[in-house]
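Q: pasting the structure only:
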């Protein structure tokens, strides 16, 4: 049986988001139902209060004693503000006796109290229409203004609070998953690096022994130029072992000139460019830029970015421009190529471990370079711009190690027009 498609990470995010949205919507619907029920009861209380006022204000009606008892039990249940006015919306005096649940300043003048109640009834009118108190002949005796209680206001905020809580839980969950994934990736990096260093150590020792044997046998057995190249390659492998051994440990950073490190990497790659693809490498390096570096690890990061630029050039000829200069408080290294560019849909994934568009490759170069620059050097590595068919620009930024006391001294050095080593 053919296995089904593997669920992706964004599927889980969508599922959690839909579940959270459903919870918020259900809570909102339930809250609205509760609010409607409370408002209906409050309006019924207001109507009952209005009816009591009508009965008490009608001299032709004989007031039964139980109505006073009933009124004494109903009025305390009214928890929302109530203001009684005349038919012309003038608050009835005495104001304290014709209001309920209104914070009225009794120390103020009658005119100030009246102005306050006028403003309050204007606000109440915008929320609910007043309830009229009319006698048997249909003549309006008074108007009762009211607004929602504090309980209803609080209940209305519940769905929004729940939405914020769901969003906060979603963000915390996403951040936790991301942190867990980064931790797992870090452990994987360290394990791979330590294992690679261990596996390379034994054959390197053997290769060094064979080189020494060839040197002792004399130039007739192995030409000196070949021996020098072999020694350089073995030294290079020793540097790779040292690089891998430093992954997972806090590297020692020392203030040093950045330009010589970049030149060394470029010189090494120039001698190993594809013979069938002439590539021109241009250097524009400020020799005065100083940053705190671990030379082996930083050179590794620059090498990975440069290799990515070389591999992106698919046309018969191409060029790579490497610029180093100080910008504010950072040392900025720009690597610009004339390659094929990066598709917009995958630019956010180029630094993910294991992501590659090549048929061969592990997809670890840019990810490892960013890790070295950001986690070990406190800098940043990012894609500044890219255009299909016109190349890409990667930027490495490091904090400057010291203030520059002299003006920038830039020089331009261009590699041979056609490097086919």
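A: Okay, I see it. The model shown is predicted, which means the values in this text are computed figures rather than measured ones. Numbering: from 1, shown residues only.

Q: which sections of the stretch 1-150 of the chain are below the confidence cut-off?
A: Counting by pLDDT under 70, the stretch 1-150 of the chain contains low-confidence ranges at 1-13, 16, 20, 50-77.

Q: let's see 90
A: By pLDDT under 90, the weakly predicted segments of the stretch 1-150 of the chain are 1-84, 86-87, 89, 92-108, 110, 123-150.

Q: number of nearby residues for residue 251?
A: Other residues within reach of residue 251, judged by other Cβ atoms under 10 Å, total 18. For glycine as for every other residue, the C-beta is placed from the backbone atoms N, C-alpha and C.

Q: name the nearest residue to it, ignoring sequence neighbours.
A: Closest residue to residue 251 apart from its sequence neighbours, by Cβ to Cβ, 6 or more residues apart in numbering: residue 294 at 4.0 Å.

Q: same check, this time on residue 343
A: Leaving out its chain neighbours, the residue that sits closest to residue 343 by Cβ to Cβ, 6+ apart is residue 388, at 7.1 Å.

Q: which stretches of the stretch 101-250 of the chain form strands?
A: 131-134, 140-146 (DSSP state E, counting those that start in this stretch).

Q: pretty sure residue 124 is touching residue 80, no?
A: No: applying Cβ atoms under 8 Å, one finds residue 124 not in contact with residue 80, separated by 9.9 Å.

Q: follow-up on the earlier one: which one of the strands of the stretch 101-250 of the chain lies nearest to residue 88?
A: When the strands of the stretch 101-250 of the chain are compared by Cβ to Cβ, strand 140-146 sits nearest residue 88, at 9.0 Å.

Q: CSV please, covering the strands of the stretch 101-250 of the chain and showing distance to residue 99.
A: Supplementary listing: these in CSV, determined by distance: least, Cβ to Cβ, whole Å:
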stretch, distance to residue 99
strand 131-134, 15
strand 140-146, 10
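
Q: buried deepest among the ones you listed, which one?
A: Most buried of the strands of the stretch 101-250 of the chain by mean neighbour count (mean count of other Cβ atoms under 10 Å) is strand 140-146; its value is a mean of 20.

Q: that one pairs with which strands, parallel or anti?
A: Its sheet considered, strand 140-146 pairs with strand 82-85 (antiparallel), strand 131-134 (antiparallel) by DSSP bridges.

Q: take those strands and write them to JSON lines, including distance to residue 341.
A: Converted to JSON lines, the strands paired with strand 140-146 look like this (distance: least, Cβ to Cβ, whole Å):
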{"stretch": "strand 82-85", "distance to residue 341": "71"}
{"stretch": "strand 131-134", "distance to residue 341": "72"}
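
Q: what's the closest of those strands to residue 172?
A: Closest approach to residue 172 among the strands paired with strand 140-146 is made by strand 82-85 (44.5 Å; Cβ to Cβ).

Q: mutual contacts of residue 124 and residue 80, please.
A: Overlap of the contact sets of residue 124 and residue 80 (by Cβ atoms under 8 Å, 6 or more residues apart in numbering) consists of 146, 147.

Q: helix, strand or coil for residue 14?
A: Assigned by DSSP: H, G, I helix; E, B strand; the rest coil, the conformation of residue 14 is helix.

Q: list the residues that contact the residue nearest to residue 251.
A: For residue 294, the contacting residues are 246, 251, 252, 253, 254, 376, 377, by Cβ under 8 Å, 6+ apart.

Q: for the stretch 201-350 of the chain, give me the ranges with low pLDDT.
A: Residues of the stretch 201-350 of the chain that meet the cut-off, pLDDT under 90, sit at 201-252, 268-279, 296-297, 300, 311-317, 343-350.

Q: can you show me the helices along it?
A: Listed in chain order, the helices of the stretch 201-350 of the chain (DSSP state H, counting those that start in this stretch) span 224-246, 259-270, 295-312.

Q: again with the stretch 51-200 of the chain
A: In the stretch 51-200 of the chain, the helices defined using DSSP H, counting those that start in this stretch lie at 65-74, 110-127, 150-217.

Q: now the second one: buried residues?
A: For helix 110-127, a neighbour-count test (16 or more other Cβ atoms under 10 Å) marks 113, 116, 117, 120, 121, 124 as buried.

Q: against which helices or strands is that helix packed?
A: Contacts defined by 3 or more Cβ pairs under 8 Å, 6 or more residues apart in numbering; DSSP states H and E place helix 110-127 against strand 82-85, strand 140-146.

Q: just so I know, which of these lies nearest residue 36?
A: The closest of the helices and strands packed on helix 110-127 to residue 36 is strand 140-146. By Cβ to Cβ, the value is 16.1 Å.
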